[in-house]
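S.K.: Sequence plus the predicted model coming up.
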Amino acid sequence: MIEFRDVRKEFPDGTVAVEHFSLVIPSRETTVLVGSSGSGKTTLLRMINRMVDPSSGAVEIDGENVLEIDPVRLRRRIGYVMQNSGLLPHRKVVDNIATVPLLNGTPKRQARERALQLMDTVGLDRAMADRYPSQLSGGQQQRVGVARGLAVDPNILLMDEPFGAVDPIVRADLQQELRRLQQSLGKTVVFVTHDIDEAFLLGDQVVILQQGGRIAQRGTPAEILAAPADDFVATFIGADRGKRELRVREVGGRRVLVDGDGRPAGVLTETP
Ligand SMILES: Nc1ncnc2c1ncn2[C@@H]1O[C@H](COP(=O)(O)OP(=O)(O)OP(=O)(O)O)[C@@H](O)[C@H]1O
């Protein structure tokens, strides 16, 4: 479990990115921080692995204040996946994935074998192992980024807009892959996005943020959809435009669900 207790972050230039932020992030689930630009999502994420330290308050992992854990040790046991994959351009795919295990002292052959297994896990053809990142598509690069994040077999995986830079079709593919991975691996995933659809798709817990890291609403996607806390949330999730409302329409004897604009969303079937 990760816990934020009344966290505040003021940067040296006086910018207060986050104030009075408290949140419990349960283990083995996906928590999504979603909000518009500048709401403090990245700052919050980076406080978990000490890329940023809080000005006051505490961030705890299983009851231990992260400030008491050496930052290098901490980062080597927490996976971190970012937008544009953050791969080292002059290193082959397999070496990019194996970077942190090698730093941790894993023997080279073992680290390489594990990297190849992780390529299978994230759906990358092993034939790409000896390519350089620039020889991969954007979606493939992101898969390498995810494999690298998983390479130390972390309990915690931090993901900062990992699919933000790829086209919508590849993005949908990566999202499904992550859902599948999450079901089989059961990591504690903290995922940052500004895309509410992505948040609802991936999050067990969704936290909608306003400026300063103020929590507008926190809950399961269903809870938020069923009862948006205020106008801000309603607008943010599109409920105010009827975008989220589905209605039943009879078409050729089948019951089709249509959204607020009348576009089909799916077919309704009886559960046995
Ligand atoms: N190193 C820094 N020095 C000063 N201000 C910073 C620094 N890093 C972030 N900020 C400011 O803190 C606030 C929160 O930034 P943060 O990057 O956490 O937001 P975000 O929600 O992740 O935004 P985005 O979606 O654009 O990445 C912003 O006002 C930002 O300008």
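M.R.: Nice, thanks for sending it over.
S.K.: Give the buried residues for the longest helix that the chain contains.
M.R.: Using DSSP state H, we find that the single longest helix of the chain is helix 168-185. Residues 170-171, 173-175, 177-178, 181-182 are the ones in helix 168-185 that count as buried (16 or more other CB atoms under 10 Å). Bear in mind the C-beta positions are built from the backbone N, C-alpha and C, glycine included.
S.K.: so which of the residues you listed comes closest to the ligand?
M.R.: Distance to the ligand, by CB to the nearest ligand atom, is smallest for Arg171 among the buried residues of helix 168-185, at 16.3 Å.
S.K.: was I right about that closest one contacting Phe163?
M.R.: Yes. Contact criterion CB atoms under 8 Å: Arg171 and Phe163 qualify, at 4.7 Å.
S.K.: if I look at these two, which residues touch both of them?
M.R.: Glu198 (CB atoms under 8 Å, 6 or more residues apart in numbering).
S.K.: hmm, stretch 20-40 in reach of the ligand?
M.R.: Yes. Contact of stretch 20-40 with the ligand (CB under 6 Å from any ligand atom) involves 35, 37-40.
S.K.: Likewise for stretch 146-161?
M.R.: No. Under the criterion of CB under 6 Å from any ligand atom, stretch 146-161 makes no contact with the ligand; the nearest approach is 6.9 Å.
S.K.: CA-only coordinates of that stretch in CSV, if you can.
M.R.: Taking C-alpha atoms only, stretch 146-161 is exported to CSV below (Å, rounded to 0.1, in the frame of the first residue of the first chain):
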residue,chain,number,x,y,z
VAL,A,146,6.9,-1.3,-20.2
ALA,A,147,9.3,-4.3,-20.3
ARG,A,148,12.0,-2.2,-18.9
GLY,A,149,9.7,-1.0,-16.1
LEU,A,150,8.9,-4.7,-15.3
ALA,A,151,12.6,-5.9,-15.5
VAL,A,152,13.3,-5.7,-11.8
ASP,A,153,10.1,-7.5,-11.0
PRO,A,154,8.9,-4.5,-9.0
ASN,A,155,5.9,-4.6,-6.7
ILE,A,156,5.1,-1.0,-7.8
LEU,A,157,4.9,0.2,-11.4
LEU,A,158,4.7,4.0,-12.0
MET,A,159,3.4,5.0,-15.4
ASP,A,160,3.4,8.6,-16.6
GLU,A,161,1.3,9.1,-19.7
